[in-house]
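**Q** Sharing a model prediction with you, sequence too.
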Amino acid sequence: HGASYLNDIQGFPDCGRYPELAGAGCGLIVMHSVQRKGPATKVSTDPDEVWAGLDEFFAGRLAALEEAGIGRQRLIIDPGLGYFLGSNPESSLVALAGIRHLKARFGLPVLVSPSRKSFLRTLTRRDTTQIGAASLAAEIFAAWQGADYIRTHDVAALRDALMILTAVAEQP
């Protein structure tokens, strides 16, 4: 129906929809979720197993999408953060710290959404209304790690922070 991108929080698990997706021509944001189906619920995960889980999920899902005729140039991957990776904040920290690894492993653009996520609230012991600085710090780190897209609740703050970061980085 003319959408430029579709985002599925379970990474398009319904292979019955793949022919329709292949014909749509829009970009697909393939998001990882430990739940695999349904909403992001509190699931305990082992931070030491984050990479194995991400690797298994993306290897299988991307292969299935490509086999259905969906070109790699249409795909963007999202490791999922917060409850999409588990209730332990460390699992999200592992994924955030490994954005470069994720990009290198799959050779695709990466989108992340740390803004206001549960792992930041847990670490800072602040609620959603007080989490702006922590969100911005996670977003800046994601950009520094090479994230191609960042979903944020405060576009102006992220734009300003990245403008300053770029200006400083360009100095001799």
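**A** On my side now, so go ahead. Numbers count the residues shown, from 1 in each chain.
**Q** and the spatially closest residue to Arg126 that is not a sequence neighbour, what pLDDT?
**A** Of all residues not flanking Arg126 in the chain, Ala134 sits nearest, at 7.1 Å (CB to CB, 6 or more residues apart in numbering). From N, CA and C alone the C-beta is placed, and that goes for glycine too. We have a pLDDT of 97 for Ala134.
**Q** And what about Ala134, helix, strand or coil?
**A** With DSSP: H, G, I helix; E, B strand; the rest coil as the basis, the three-state label of Ala134 is helix.
**Q** Please apply the same query to Leu93.
**A** Secondary structure, three-state DSSP: Leu93 is helix.
**Q** is it true that it touches Leu120?
**A** No. Between Leu93 and Leu120 there is no contact under CB atoms under 8 Å: 9.9 Å.
**Q** In terms of packing, which of the two has more residues around it?
**A** Neighbours per residue (other CB atoms under 10 Å) separate Leu93 from Leu120, with Leu120 holding more: 24 against 19.
**Q** so what secondary structure elements neighbour the longest helix belonging to the chain?
**A** Secondary structure of the chain per DSSP state H: the longest helix is helix 50-67. In terms of contacts (3 or more CB pairs under 8 Å, 6 or more residues apart in numbering; DSSP states H and E), helix 50-67 is packed against helix 18-24, strand 27-31, strand 75-78, helix 89-97, helix 99-106.
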